[in-house]
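*Asks:* quick one, structure for this:
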Amino acid sequence: MARADSGAASAGRVFIDLHCHTSASFDSLSRPAAVVRAAAARGLTHLAITDHERIDGALAARDAAPAELSVIVGQEVRTQQGDLIGLYLERAIEPGLPALEAARRVRGQGGVVGVPHPFDRFRASGGRRTSEDEWQALLAEVDYVEAWNARVMVGDGNLRAAEMAHRRGLPGVAASDAHTLMEVGVAYTILAGPIDSAEQLRTALAAGPEMITGRSSRLVRAGMPLFKGVQWLRGNRRIRPTASA
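*Replies:* Take a look at the predicted model:
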């Protein structure tokens, strides 16, 4: 990524990667402290840590972040219909809920709701497996759509996501979906700040994001089974829904 200069940052522009994983996720080996160092070195001013089903990695990253980087505590939530992103969370959202209920629980914490990789062939998003009525209800709770996900490698998923965001009148953002250090900030979004709260982020998104659309490496994606295997041996496995969810 092109390093953001301090003048741009001081003028109120923020450079944010809205979707990033750490070793708290079952499929990443990137330690939180290393992730925030990489983000700061590449000129990001803000980083959303969105581990699968948990926020402890995000909290650790926030504690370890250098002064020039703000960490947003988030989560990638597996719902009955696929994944959603929640940002500015205080508590993890349990997996296995209906997508609309999960989005409302994010909202109940005062958080921001995003739809990640909605048309990826290999990963479902919270709206892809819903009826039209359910999708419309979910969109009423959504603040943005990933119009560019750096890990969408096959097909026209990003193009379709951008078209859908435009058609529905939702802000479209670019995000790395990083699971390794080399991916942090490979795609990111430029906004007019500040974004020190969920409401400020919504305002900045509504004003019109600028997307920087880099791609992840296919070699990195090929290593995912290894990362999952190492984490499985460590006892860090995907958190499954509880019976109540």
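
*Asks:* pull stretch 81-93 out as PDB, backbone CA atoms only.
*Replies:* C-alpha atoms of stretch 81-93 as PDB (Å, rounded to 0.1, in the frame of the first residue of the first chain):
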ATOM      1  CA  GLN A  81     -27.100 -17.200   6.800                       C
ATOM      2  CA  GLY A  82     -23.300 -16.500   6.700                       C
ATOM      3  CA  ASP A  83     -20.900 -13.900   8.000                       C
ATOM      4  CA  LEU A  84     -21.500 -10.400   9.300                       C
ATOM      5  CA  ILE A  85     -19.000  -7.800  10.600                       C
ATOM      6  CA  GLY A  86     -19.700  -6.000  13.900                       C
ATOM      7  CA  LEU A  87     -17.500  -3.000  14.900                       C
ATOM      8  CA  TYR A  88     -17.200  -1.000  18.100                       C
ATOM      9  CA  LEU A  89     -18.100  -4.000  20.200                       C
ATOM     10  CA  GLU A  90     -17.900  -4.400  24.000                       C
ATOM     11  CA  ARG A  91     -18.900  -8.100  24.000                       C
ATOM     12  CA  ALA A  92     -18.600 -10.900  21.500                       C
ATOM     13  CA  ILE A  93     -21.800 -11.800  19.500                       C
END
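
*Asks:* distance from the chain centre to that stretch, please.
*Replies:* Averaging C-alpha positions (C-alpha atoms, centre = their mean, to the nearest Å) puts stretch 81-93 9 Å from its chain's average.

*Asks:* quick one, helices of the protein?
*Replies:* 6-10, 32-41, 56-64, 99-108, 132-139, 157-168, 198-206, 218-222, 224-234 (DSSP state H).

*Asks:* for the longest one, C-alpha coordinates in PDB please.
*Replies:* Put plainly, it is helix 157-168. The C-alpha atoms that make up helix 157-168 are tabulated as PDB, following Å, rounded to 0.1, in the frame of the first residue of the first chain:
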ATOM      1  CA  GLY A 157     -17.700 -11.300  -6.600                       C
ATOM      2  CA  ASN A 158     -16.200  -7.900  -5.900                       C
ATOM      3  CA  LEU A 159     -17.900  -6.400  -9.000                       C
ATOM      4  CA  ARG A 160     -21.200  -7.800  -7.900                       C
ATOM      5  CA  ALA A 161     -20.700  -6.500  -4.400                       C
ATOM      6  CA  ALA A 162     -20.000  -3.000  -5.600                       C
ATOM      7  CA  GLU A 163     -23.000  -3.000  -7.900                       C
ATOM      8  CA  MET A 164     -25.200  -4.300  -5.100                       C
ATOM      9  CA  ALA A 165     -24.000  -1.600  -2.700                       C
ATOM     10  CA  HIS A 166     -24.700   1.100  -5.300                       C
ATOM     11  CA  ARG A 167     -28.100  -0.300  -6.100                       C
ATOM     12  CA  ARG A 168     -29.100  -0.500  -2.400                       C
END
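
*Asks:* Ala175 against Leu18, yeah?
*Replies:* Yes: between Ala175 and Leu18 a contact is recorded at 4.5 Å, counting by C-beta atoms under 8 Å. (Glycine included, C-beta is placed from N, CA and C.)
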